[in-house]
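**Q** quick one, fold the following:
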Amino acid sequence: MQPVLTTTEMRAVDERAAATTSLDELVSRAGTAVARSALDLIGGAYGRRVAVIAGKGNNGADGRVAAGLLARRGARVRVVAPGEAASLGTAGPPLDLVVDAAFGTGFRGSYEAPDVAPGVPVLAVDIPSGVEGDTGAVDGRALAATRTVTFVALKPGHVQGDGARLAGELVVADIGLAPGEPAVAVVEDADVTTLVPRRDPAGNKWSTAVLVVAGSPGMTGAAALCARAAYRAGAGMVLLGVPGADLSALPASEAVGVALPATGWAAAALEVAGRCRAVVVGPGLGRAPGTGEEVRRLLAGSGVPVLVDADGLAVLGDLGASGPLRSGGPVVLTPHDGEYRSLLGAPPGPDRIAAARRLATVGGVTALLKGPTTAVAVPDGRVLLGRTGTTALATAGTGDVLSGVIGALLARGVAAQEAAALGAHVHGRAGALGPGAATLASDLPALVARVLAGPPPTPPGDGRG
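**A** Modelled structure (predicted):
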């Protein structure tokens, strides 16, 4: 996991460091890291033209240190204050680089960045100036960075809101400070290998069985996608129940059909869930009267983790009014913005981390808030982020696949928060393997299997040594 420090947590890191390391030393380390990154971006210093926008705070001090180092290497450096120039490199000799050190992560208010000539790379110090460090929101206009050099750890403003779009390539520079134990972290590829257990050699198909309660008569596509994805993510057995549907009408697949009545189906589903390790409920389920009560009965009676998605979320109603969900085991809710609004009565807003925490606290659940950056929160405030989202996933049915993937990870014994975050990470990686905008939801289960399998081993002797 890659740690993410809020502005408050970063302030605490700085305060702890003050006992042993001077501010001047920390600024020198940070400025040196910026200068190194600048040299890497422009391929050297001698004769290069560089403009450094340097504010009054520590961020500006970092920029001025970098400016001095670049000048000593032969660069032609101009240091300007924020607002001193309306444009940079749009007139006169062209610039090779703009270093944005106007404001740091503690910035609040509105900022209008100068215009920069097209094609000139921008190196942001800590965060693109004008981006709020905790939300990623921008009031005014910030420069889109080619690269952002930040220190100690990522900040929330790098990974959500406008900041995720403006930060460009993110580089975390080591300046000799430890991040401690932040409450937020980003899932990485290595976490999939580390946290997803291998199958027990003594196990059988029931050891990782998943019950999927989804679909409705004549509407079984979402149920089929979810069930197939669960198999591809490692479930040994998938049982599929479509309330009110005849077993002969279920989609042909490896999933084993389970007869569920059209109404009052929770009791029958719970009998089957007793043999499973996880339950997924909601995709394509419909919103007929009484469905919400059945979903709640399933949650209350299940002794295994239950993931609720799609129609299952829509029928739960306003959790702000009803309070935490009664459940017999861990519950994972996976809303997009519209579903989030129906659950809490208001949209999530720009701070996705805070929004996921609100839902987790109000519902007493693991809350996965979908988006380009997926935030997965639990009631104690810990948040895991998935950053592999791609526009290839913006097509019908991909959320059903995600539900099946997370359901399988739950059945394989991964804890609820980690299962949800890893599922989102793997789902995004799978989307990136597809044919871009032409990717279909039905393509994803096989791609998920490829991601979970990891890179193929290197054949013996296939090296240059």
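**Q** contacts only, for residue 435.
**A** residue 443 (C-beta atoms under 8 Å, 6 or more residues apart in numbering). All C-beta atoms are positioned from the backbone trio N, CA, C, and that covers glycine.
**Q** most remote residue from this structure's center?
**A** Farthest-out residue of the chain from its mean C-alpha position, per C-alpha atoms, centre = their mean: residue 92, at 42.5 Å.
**Q** my guess is that residue is in a strand, correct?
**A** No: residue state for residue 92 (DSSP: H, G, I helix; E, B strand; the rest coil) corresponds to coil; a strand is not indicated.
**Q** okay, it and residue 98: tell me how far apart.
**A** Residue 92 sits 14 Å away from residue 98, going by C-beta to C-beta, to the nearest Å.
**Q** the nearest residue to residue 369 once chain neighbours are set aside - how many residues pack around it?
**A** Leaving aside its sequence neighbours, residue 369 sits nearest to residue 356 (C-beta to C-beta, 6 or more residues apart in numbering; 4.4 Å). By the measure other C-beta atoms under 10 Å, the count of residues near residue 356 is 27.
**Q** ditto for the one 10 residues further on
**A** The criterion is other C-beta under 10 Å. On that basis, residue 366 has 29 neighbouring residues.
**Q** give me the distance between it and residue 235.
**A** Residue 366 sits 19 Å away from residue 235 when distances are taken as C-beta to C-beta.
**Q** show me what the host helix or strand of residue 332 is packed against.
**A** For residue 332, the enclosing helix or strand under DSSP states H and E is strand 331-333. Here strand 331-333 touches strand 306-308, helix 352-363, strand 366-369, helix 416-433, going by 3 or more C-beta pairs under 8 Å, 6 or more residues apart in numbering; DSSP states H and E.
**Q** what do you get if the cut-off is 7 Å, keeping everything else the same?
**A** Helices and strands touching strand 331-333, by 3 or more C-beta pairs under 7 Å, 6 or more residues apart in numbering; DSSP states H and E, are strand 306-308, strand 366-369.
**Q** quick one, which of those strands is packed in tightest?
**A** strand 306-308 (a mean of 32; mean count of other C-beta atoms under 10 Å).
**Q** next one: the nearest residue to residue 166 once chain neighbours are set aside from residue 442, what distance?
**A** Among residues not flanking residue 166 along the chain, residue 128 sits closest, at 4.5 Å (C-beta to C-beta, 6+ apart). Distance of residue 128 to residue 442, computed by C-beta to C-beta: 39 Å.
**Q** how about stretch 222-231 as CSV, C-alpha atoms only?
**A** Extracted C-alpha coordinates of stretch 222-231, given in CSV (Å, rounded to 0.1, in the frame of the first residue of the first chain):
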residue,chain,number,x,y,z
ALA,A,222,-26.5,-8.6,-14.9
ALA,A,223,-26.9,-11.8,-12.9
ALA,A,224,-24.9,-13.8,-15.5
LEU,A,225,-22.1,-11.2,-15.6
CYS,A,226,-21.8,-11.2,-11.8
ALA,A,227,-21.7,-15.0,-11.6
ARG,A,228,-19.2,-15.4,-14.3
ALA,A,229,-16.9,-12.7,-12.8
ALA,A,230,-17.0,-14.5,-9.4
TYR,A,231,-15.8,-17.7,-11.1
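**Q** could you dump the helices and strands packed on strand 331-333 to TSV with mean pLDDT?
**A** Below are the helices and strands packed on strand 331-333 laid out as TSV (pLDDT from 0 to 100):
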stretch	mean pLDDT
strand 306-308	98
strand 366-369	98
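**Q** can you list these in JSON lines and add distance to residue 85?
**A** Shown next, in JSON lines, are the helices and strands packed on strand 331-333 (distance: least, C-beta to C-beta, whole Å):
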{"stretch": "strand 306-308", "distance to residue 85": "53"}
{"stretch": "strand 366-369", "distance to residue 85": "40"}
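**Q** now for those strands, which one comes closest to residue 122?
**A** Among the helices and strands packed on strand 331-333, the nearest to residue 122 by C-beta to C-beta is strand 366-369 (30.0 Å).
**Q** what residue lies at the spatial centre of the chain?
**A** residue 386 (2.3 Å).
**Q** show me what contacts that residue?
**A** By C-beta atoms under 7 Å, 6 or more residues apart in numbering, residue 386 lies in contact with 187, 374, 421, 424-425, 428.
**Q** what about 10 Å?
**A** Residues near residue 386 by C-beta atoms under 10 Å, 6 or more residues apart in numbering: 159, 186-187, 368, 370-376, 420-429.
**Q** list the buried residues of stretch 420-427.
**A** Going by neighbour count (16 or more other C-beta atoms under 10 Å), the buried part of stretch 420-427 is 420-427.
**Q** count of neighbours near the residue nearest to residue 166?
**A** By other C-beta under 10 Å, the residues close to residue 128 number 29.
**Q** just checking, it touches residue 155?
**A** No: the criterion here is C-beta atoms under 10 Å, and residue 128 misses it with residue 155 at 11.3 Å.
**Q** quick check: neighbours shared by the two?
**A** Joint contacts of residue 128 and residue 155 (C-beta under 10 Å, 6+ apart) are 136, 148, 163, 167.
**Q** closest to residue 230 out of the residues you listed?
**A** Closest approach between those and residue 230, by C-beta to C-beta: residue 136, at 33.2 Å.
**Q** do you know how far that closest one is from residue 317?
**A** 30 Å.
**Q** who's more crowded, these two?
**A** Using other C-beta under 10 Å as the criterion, residue 136 and residue 317 rank with residue 136 on top: 27 against 14.
**Q** ranges for the strands of the stretch 101-250 of the chain?
**A** Ranges of strands within the stretch 101-250 of the chain are 111-112, 115-116, 122-125, 140-141, 147-151, 169-173, 184-186, 209-213, 237-241, based on DSSP state E, counting those that start in this stretch.
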